[in-house]
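Student: how does the following fold in three dimensions:
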Amino acid sequence: MARREPARAARSADGETRSRLTRREKGLLAHGRVVLETEAGAIGRLSLDESFAEAVEWILACKGHVIVTGMGKPGFVAQKISSTLASTGTPSIYLHPAEAAHGDLGRVTRRDVFIALSNSGETEEILRLLPAVKRIGARIVAVTRDRVNPLARAADLVVSVGDIEEACPMGLAPTASTAALLAIGDALAMTVLNNRPFDRDEYALYHPAGKLGRGLMKVRELMHEGEENPVVRATEPLSKAIAVMTQTSWRPGATSVVDARGLLVGIFTDGDLRRLVVRGSADPRTPVGKLMGRNPRTVRPEAMVTDAARVLREAQVDQVPVVDGAGRPVGLLDVQDLLAARIL
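Tutor: Residues are numbered from 1 along each chain as shown. Sure, this is the predicted structure:
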C-alpha cells in the first residue's frame, strides 16, 4: 500500500505560507471548529443571577468543606472544581456519588456546602444521596440545566446553566454541557478567591512541587546562610577575602563585604580577582574594601526566587547578597542554586 504523504506547506506568490489541504482535511478542520464554536457559545450564553451570588456567600461562610459531586463526565468536572477550590484556599473534597452510598457519605457534615453537578438533574446516584445529605444538615447547591428537574427540586439553591445543545453529532455525549459546568465551577472558585484573603505566600504553601511551586519559592529556601555565607570586613586584606571564598564549603565565587557595624558595603568576586591579576595589582595586603564592587544589587530573604532570578539576569552577575531589613548580609544566592532548583 502506498504511504499517504502528509500535507505540505507551499509558498504562495506573495511569500505567505499556506497549507495544501485535501477535501477531507478541510472537512475535519471545519467540524473541529464547529465543536469549539458550539462549546464557546454554550459558555458565552451562561447567565448568572442572584443564586450564583448566594452560592458564593455560602462557600465564603462555610466552616467545613465544600463537597463537590458528579457522576460520569460531570464527575471529572466536579473533581477539577474541587481541586481548584482547595488549591486557592477553600477546603474542598470530591465525593464519588456511588461510593458515597456505600459509606463515604460519612465525609459530609452539617458544616459543609454540598455542590451537585448534573446537566439533566436526573442522575440516580446523586438523587438517592440527597435525603441523607439533608438529614446531615449540609446545604445543597445544584448546578444543573433548569430549576424544575428532580435535582433542582431537592436542592436548597439552584445555579442554572440552561438548556445546552451538545457538540456531539448525535446530541448525546456530554461536551458543551460539561464545558458549561466547568465554567460555572471556575466562576464560583475565582469569585470566592477574589473575596477572601489569600496571597501568593498561601498559594505557594499549597503548591510545593512542580513548576508552580518552584516559581513561588522564597529566597530564604535556597540561599546559603550561617557558615555557608561568606563575609569579610572591608578593612581586611585581599588575602583574607580569598581565604574565606576558598574555605567556605560550597566554594562560592564571591564574598559579601561589610563595615564595622556588619552592614553590607560591597561584594568581591572571582571576576574582580581575575581583573586585578591581569592588571598586575593583586597585592594580597590591599584592604578588600578598596577592591570590592560597591553598591551591589541585593535581595531580601522573603523575596520570591523568581524576583532574585530577575536581579541576577538584569545585573548580569552570578551571585547576589541576601540582606535583612537593617542591611546585614544574612545569605548569599548563587545562579547555580537557581539552576539546581530548575528556576532558570
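
Student: just the helices in this structure please.
Tutor: Residue ranges of the helices in the chain, as given by DSSP state H, are 23-44, 50-61, 73-87, 97-100, 124-127, 130-136, 150-154, 176-194, 200-205, 210-215, 238-247, 270-279, 305-315, 335-340.

Student: so which of those helices is nearest Glu221?
Tutor: helix 305-315 (7.5 Å; C-beta to C-beta). The way it works is simple: take the backbone N, C-alpha and C, and place the C-beta from them, glycine included.

Student: what helices or strands is the closest one leaning on?
Tutor: The helices and strands touching helix 305-315, judged by 3 or more C-beta pairs under 8 Å, 6 or more residues apart in numbering; DSSP states H and E, are helix 210-215, strand 319-323, helix 335-340.

Student: looking at the helices of the chain, which one has the lowest mean pLDDT?
Tutor: Among the helices of the chain, helix 210-215 carries the lowest mean pLDDT, at a mean of 66.

Student: for Leu182, give me its contacts.
Tutor: Residues in contact with Leu182 (C-beta atoms under 8 Å, 6 or more residues apart in numbering) are 77, 80-81.

Student: closest to Ala176 out of the residues you listed?
Tutor: For the contacts of Leu182, the minimum distance to Ala176 (C-beta to C-beta) is 12.4 Å, reached by Val77.

Student: roughly how far does that closest one sit from Leu127?
Tutor: Distance of Val77 to Leu127, computed by C-beta to C-beta, to the nearest Å: 18 Å.

Student: ditto for Val231
Tutor: 69 Å.

Student: same deal with Trp58?
Tutor: Separation of Trp58 from Leu127 (C-beta to C-beta): 21 Å.

Student: for Gly162, same thing?
Tutor: From Gly162 across to Leu127, the span is 21 Å (C-beta to C-beta).

Student: out of the two, which sits in the more crowded spot?
Tutor: Neighbours per residue, other C-beta atoms under 10 Å: of Gly162 and Leu127, the larger number sits with Leu127, 18 against 13.

Student: which residues sit in contact with that one?
Tutor: Residues in contact with Leu127 (C-beta under 8 Å, 6+ apart) are 150-151, 154.

Student: one more time with 10 Å
Tutor: By C-beta atoms under 10 Å, 6 or more residues apart in numbering, the contact list for Leu127 reads 97, 116, 118, 121, 149-151, 153-154.

Student: so which of those is the closest to Leu333?
Tutor: Using C-beta to C-beta, Ala116 comes nearest to Leu333 of the contacts of Leu127, at 49.0 Å.

Student: domain ranges for the protein, per the record?
Tutor: Split into domains by automatic domain parsing, the chain comes to 50-198, 219-340.

Student: which of those domains sits most buried?
Tutor: domain 50-198 (a mean of 19; mean count of other C-beta atoms under 10 Å).

Student: for stretch 288-307, C-alpha coordinates in CSV please.
Tutor: This file holds the C-alpha atoms of stretch 288-307, laid out as CSV (Å, rounded to 0.1, in the frame of the first residue of the first chain):
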residue,chain,number,x,y,z
VAL,A,288,39.4,44.4,50.2
GLY,A,289,37.3,47.5,50.7
LYS,A,290,39.4,49.3,48.1
LEU,A,291,39.0,46.5,45.6
MET,A,292,35.3,45.4,46.0
GLY,A,293,32.4,46.3,43.9
ARG,A,294,30.3,48.9,45.6
ASN,A,295,26.5,49.2,45.8
PRO,A,296,25.8,45.6,44.8
ARG,A,297,22.3,44.5,43.9
THR,A,298,20.6,42.7,46.8
VAL,A,299,17.5,40.7,47.6
ARG,A,300,15.6,40.1,50.8
PRO,A,301,15.1,36.6,52.3
GLU,A,302,11.3,36.8,51.8
ALA,A,303,11.5,37.7,48.1
MET,A,304,10.4,35.2,45.5
VAL,A,305,13.2,33.3,43.8
THR,A,306,11.8,34.5,40.5
ASP,A,307,12.5,38.1,41.6
